[in-house]
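A.B. asks: Provided below are the primary sequence and the corresponding predicted coordinates.
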Amino acid sequence: MQYMRSYAYIEVMSTTSDHGHSHGPTAADLAADASHRRIWPMVVSLGIIGVFFVVELVTGLLFGSLALVADAGHMATDLIALSMGLAALLLARHGSLSDGRSFGWYRAEVFTAVVNAILLLGIGAYVLYEAFERLGSNPEVPGLPMVVVATLGLAANVVVMYLLRADAGNSLAVRGAYLEVLADAVGSVGVLIAGIIAMTTNWGYADLIVAVLIALWVVPRAVRLALDALRILNQQAPDTIDVAALRAELAALPEVQDVHDLHIWSVTSGMDVATVHLRSAGDHCAALTAAQQVFAEHGLSHATIQVENPDADGQCEHLTW
């Protein structure tokens, strides 16, 4: 058995069909990387956002403020992002692999995303329905509770943004959570403005307008979250990868005569893998190295490459999947 090193590990087996594996981060690599990232800011942020989610939701339902209910729904997206970010860091640090669970627990966040997307769509639909029902009558919404809760919520968002800012540049999961909290801070400003208008003018429609705007902001994000999760569960190729261009580049390699059985899918967000069969009459090691480079240029650091001889029976070309 011969081993070659480039960006990633490549294994070459001198048999009729050669198999090359360009490996992405191993569990040990992920754990080592995660050990340099702080967990406590995510935990503290999750606690702060969780408390104010409950406060906003209860206050909104108690005083009949749709804007607060809608902003609580948006804050739920923060909880999702923070939970998924924390799960990613914990799995990277402590996740275990086994023969029966070779990908570990990475896909747990995908199932969570589907459930949370359904809940967010329910909140958005409730807010839009209630806003429609209240049309035609100037709703009486006390402005003071809205101003107080929105101010506290905005303060909570600012504190969480400060906690996450240092790690946002080093982790995509943390960066996603940071951007979610930033967007929610804008929603809190909208609720604050609606509360001030309600206090000074008794014009309750300001609450409805802000509620509808926040709901219209949350619903598309929930739909996108659900579609992204379902795409992963359906094992579709990631949107970020041009499969046709990748296939064409592999076929254009001098060492490659034919490309077939190419599959690209995501285990979870940010963890893409691929398999391919290549036919080559030349140096199989050179074909493996060149193909691995092509995959790396397309952002696929974990690809399993099988190189076949020209006289291979080609049965895999006729598979229906």
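C.D. replies: Structure's in. What do you need? Numbering: from 1, shown residues only.
A.B. asks: quick check: buried residues in the regular element (helix or strand) spanning A67?
C.D. replies: Using DSSP states H and E, A67 sits within helix 66-94. In terms of neighbour count (16 or more other Cβ atoms under 10 Å), helix 66-94 has its buried residues at 66-89, 91-93. C-beta coordinates here come from the backbone N, C-alpha and C atoms, glycine included.
A.B. asks: next SSE downstream of that helix?
C.D. replies: Scanning onward from helix 66-94 (DSSP H and E), the first element met is helix 108-133.
A.B. asks: check which helices and strands that following helix is in contact with.
C.D. replies: helix 66-94, helix 205-233 (3 or more Cβ pairs under 8 Å, 6 or more residues apart in numbering; DSSP states H and E).
A.B. asks: report the central residue of this protein.
C.D. replies: The residue lying closest to the centre of the chain (Cα atoms, centre = their mean) is S269, at 4.8 Å.
A.B. asks: in this structure that residue contacts L233, no?
C.D. replies: No. Judged on Cβ atoms under 8 Å, S269 makes no contact with L233 at a distance of 12.0 Å.
A.B. asks: shared neighbours, these two?
C.D. replies: V110 (Cβ atoms under 8 Å, 6 or more residues apart in numbering).
A.B. asks: before we move on, the earlier item: any chance of the helices and strands packed on helix 108-133 in CSV, with distance to V141 and mean pLDDT too?
C.D. replies: Formatted as CSV, the helices and strands packed on helix 108-133 follow (distance: least, Cβ to Cβ, whole Å; pLDDT from 0 to 100):
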stretch, distance to V141, mean pLDDT
helix 66-94, 8, 77
helix 205-233, 5, 82
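A.B. asks: look up phi and psi at S266.
C.D. replies: Per-residue torsions, S266: phi -110, psi 130 (degrees, to the nearest 10).
A.B. asks: surely it and P238 touch.
C.D. replies: Yes. Applying Cβ under 8 Å, one finds S266 in contact with P238, separated by 5.4 Å.
A.B. asks: those two: who's more crowded?
C.D. replies: With neighbours defined as other Cβ atoms under 10 Å, S266 and P238 compare such that S266 has more, 23 against 18.
A.B. asks: how near is that one to Q236?
C.D. replies: 8 Å (Cβ to Cβ, to the nearest Å).
A.B. asks: one more: I305?
C.D. replies: To Q236, I305 is 21 Å away according to Cβ to Cβ.
A.B. asks: neighbour-wise, which of these two wins?
C.D. replies: Remark: of I305 and Q236, I305 carries more neighbours, 27 against 12, as counted by other Cβ under 10 Å.
A.B. asks: restricting to C-alpha, output the helix or strand containing A248 in CSV.
C.D. replies: Counting by DSSP H and E, the element that carries A248 is helix 243-251. Extracted C-alpha coordinates of helix 243-251, given in CSV (Å, rounded to 0.1, in the frame of the first residue of the first chain):
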residue,chain,number,x,y,z
VAL,A,243,-21.8,19.7,-10.3
ALA,A,244,-21.7,20.1,-14.1
ALA,A,245,-18.6,22.2,-14.0
LEU,A,246,-17.0,19.8,-11.5
ARG,A,247,-17.8,16.8,-13.8
ALA,A,248,-16.4,18.7,-16.8
GLU,A,249,-13.1,19.5,-15.1
LEU,A,250,-12.7,15.9,-14.0
ALA,A,251,-13.3,14.7,-17.5
